[in-house]
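Peer 1: Fold the following, please.
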Amino acid sequence: MPALDGLRAAAVALVFVTHAFPSSAFPGGLGVDVFFVISGFLITRILLKQWREHLTIGLKRFWLTRLIRLYPPLIAMVIVFAALYAFLPSTGLHSAVNATVALTHTADVVATVTDQDLGYFAHTWSLAMEEQFYLVWPVVLLLMLQTNLRRRWMIALTVLVAGASLTGWVLTGDQLPYNPLTKAGGILLGCAAAIALEYLPTALTGQTLAWVGAAVFTAACLGESFGWFTRSVSLPIAVLGILPVVLHCATGRGSLVAALSWRPVVSLGVISYALYLWHYPVLMLLRRVVPADAWIIAVLGAAVSLALAAATRRFVEQPSLAWRRRLLARRDSPPPQKVPGTVPEAVGGRVA
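Peer 2: As a prediction, this is how the structure comes out:
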């Protein structure tokens, strides 16, 4: 689904802009919620496919694949910037604590319940949200499937919890912007959409509704930019707007899908995870060591971040994904059959 990669590219671009110009009112942070909706949707489709094919969900296998996919780039980024703590007004212990928070995927909880300054790793709160989702949601979905809960009830329950989360966000989002309980609405709506997809009429995944959703998302961004409402209001509007766009990108055709499937945009989407990891600490470091205008910092930050993201894709992500394929192939391959009447060959004093 290249259009979804294109949508990821748009989301990471929004986040980059808001971090490059932190004093502006541009609500690029809504790009994170686009990532959340996409993650909930795609992960649920993967899990449902496993259920259809095997009547079960391999939880250990799923968690292993997520671990190998997400951890190596994160470790690389943390190692580099934990070593640069001297450029922050902090101690080595402070840097070590922040690195531990990033690597244990607890930044959202830490940011919610403490005043800890996470420095270079403050942006890992969203990674923590997704990792916690990967741990909890497959178990919940498996339980609903094993109890033969009707699909409409699965959808209703997921939407109900998503609505409760979004309601909590409207009430407290401006005070607790990283609360995992009130930031889960977008992920859960993506999950509900994936469950409902096979039952939805074609019109609900069509291009017209997707363009309307894109307009609603844009209106949420503009409304917050001009101060008409706060993030507490703009986020639910943006999430509801982006949902039909995600559905259309996954299932439809047309000008919107074609635009998001443009090769340069898709290429940016492919490295969006690595780009998200690197861009925030790169911008933070540049602002501290380069006495230049914000636009110059933004251009330099984009160039450095893209280079690091491309290198991470080539030298970290691709090798780890190749190793994951080999590992899973070995796990899936049947054990060798013993031929009656044969004796195992001895190699170096051990049975081969």
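Peer 1: only C-alpha atoms for contact and neighbour calcs from this point on.
Peer 2: Noted.
Peer 1: How about residue 17, nearest residue that isn't a chain neighbour?
Peer 2: Among residues not flanking residue 17 along the chain, residue 28 sits closest, at 6.3 Å (Cα to Cα, 6 or more residues apart in numbering).
Peer 1: how about stretch 229-245: buried residues?
Peer 2: Neighbour-count burial for stretch 229-245 flags 230-245 (criterion: 16 or more other Cα atoms under 10 Å).
Peer 1: What's the mean pLDDT across it?
Peer 2: When pLDDT is averaged along stretch 229-245, the result is 94.
Peer 1: Test my guess that residue 109 contacts residue 179.
Peer 2: Yes. In this structure, residue 109 is within contact of residue 179 by Cα atoms under 8 Å, at 6.7 Å.
Peer 1: ok, those two, which is more surrounded?
Peer 2: Per other Cα atoms under 10 Å, whichever of residue 109 and residue 179 has more neighbours is residue 179, with 22 against 17.
Peer 1: start to end distance for stretch 103-114?
Peer 2: 18 Å (Cα to Cα, to the nearest Å).
Peer 1: Centre of the chain to it, how far?
Peer 2: How far stretch 103-114 lies from its chain's middle: 16 Å, per Cα atoms, centre = their mean, to the nearest Å.
Peer 1: tally of neighbours for the residue nearest to residue 158 when sequence neighbours are not counted?
Peer 2: Distances taken as Cα to Cα, 6+ apart place residue 192 nearest to residue 158, at 5.8 Å, with adjacent residues excluded. Residues near residue 192, counting by other Cα under 10 Å, number 24.
Peer 1: returning to what we had before: nearest to residue 155 among the buried residues of stretch 229-245?
Peer 2: For these, the minimum distance to residue 155 (Cα to Cα) is 14.6 Å, reached by residue 243.
Peer 1: got the contact list for the closest one?
Peer 2: Residue 243 makes contact with 37, 189-190, 193, 213, according to Cα atoms under 8 Å, 6 or more residues apart in numbering.
Peer 1: ok, now residue 152?
Peer 2: By Cα under 8 Å, 6+ apart, the neighbours of residue 152 are residue 196.
Peer 1: what about it, which helix or strand?
Peer 2: Here residue 152 sits within helix 151-172, counting by DSSP states H and E.
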